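# from the sequence below, what's the structure:
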Amino acid sequence: INNYNMTYKENNSLIVSGKVLRRWVRALGAKYVSSTGLVPPLSYEELLEHTHKLLNIHKLPNDISNYSSVVINNEVWKNTVASIPFERRLLLIPQCLRNPVKCKARFDGFGLICEKCGSCKIQKIQSFAEDSGYVVLIAEGIAIVKKLIEGGKVDCVIGIGCISALEKIFGEMSSHAIPGLA
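Okay, here's the model as predicted:
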C-alpha cells in the first residue's frame, strides 16, 4: 500500500492520496471505459463489476475500489455532462466543509445558506459555480436532491463529498438515469 501513497482515516476507510496516484487511476479508468465501450447509465452492480475488473487488470489493491468506482462513473458520464447547460446542473456541496465554529450561515428547508463570511471554502466554490450558472445546494441529505431530480429542476448532479454520501445519492441518480460526476 505504501507504494500507492495511501493513508487511512480513523474509521479504517482508505483515502487515496497523492496527485500522481489519482491521475494514474483516472487515466487507467478513462482507458478502461474507452476500451470497453461502456455507456451510461450503469447500475450500482455494473459499476462494481467494472471497478473490480479494472483493479484486477492492473493488479491494484481492493482498498481503492471506492475511488476507482467514482473514476469509472465520472468517465462514463463525462461527455453527457459536458453537453448539459450549466444552468441545468446542480452542484451539491457538503455542509461539512463549513467551519462550524466561525460559520455564520443559517439553515433552511433546503440546506445551508452561506453568509459569505469567508471562514471556509464554501463561499469560493459556491461563487464560482453560481457565476458559471450552476444551481448550488449546500446540503448533506438526498431528500432535497431527490425532489429536484423528480421535479425536473436539474438534468445532472455534480457532487462534492465523501464516498458514503456519494453512495447514498448514486442509487437515486441511477434509478432516474440522471448524469452525475463526483
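# for the chain, what spans make up the helices?
19-36, 44-57, 65-82, 122-132, 143-150, 163-175 (DSSP state H).
# report how many residues lie close to Leu21.
Applying other CB atoms under 10 Å, we find 17 residues neighbouring Leu21. All C-beta spots, glycine's among them, are computed from the backbone N, C-alpha and C.
# one more: Pro41?
Counted with other CB under 10 Å, residues neighbouring Pro41 total 18.
# could you find the closest non-adjacent residue to it?
Ala177 (4.6 Å; CB to CB, 6 or more residues apart in numbering).
# sorry, back to before: Gln95 is nearest to which of the helices of the chain?
helix 122-132 (8.4 Å; CB to CB).
# per-residue confidence averaged over that closest one?
The predicted model gives helix 122-132 an average pLDDT of 95.
# now that helix, how far from the centre of its chain.
The chain centre lies 17 Å from the centre of helix 122-132; the measure is CA atoms, centre = their mean, to the nearest Å.
# distance of the residue nearest to Pro41 from Glu49?
18 Å (CB to CB, to the nearest Å).
# those two: who's more crowded?
Higher neighbour count among Ala177 and Glu49: Glu49, with 12 against 9, using other CB under 10 Å.
# and that one, how far is that from Leu38?
11 Å.
# likewise for Pro179?
14 Å.
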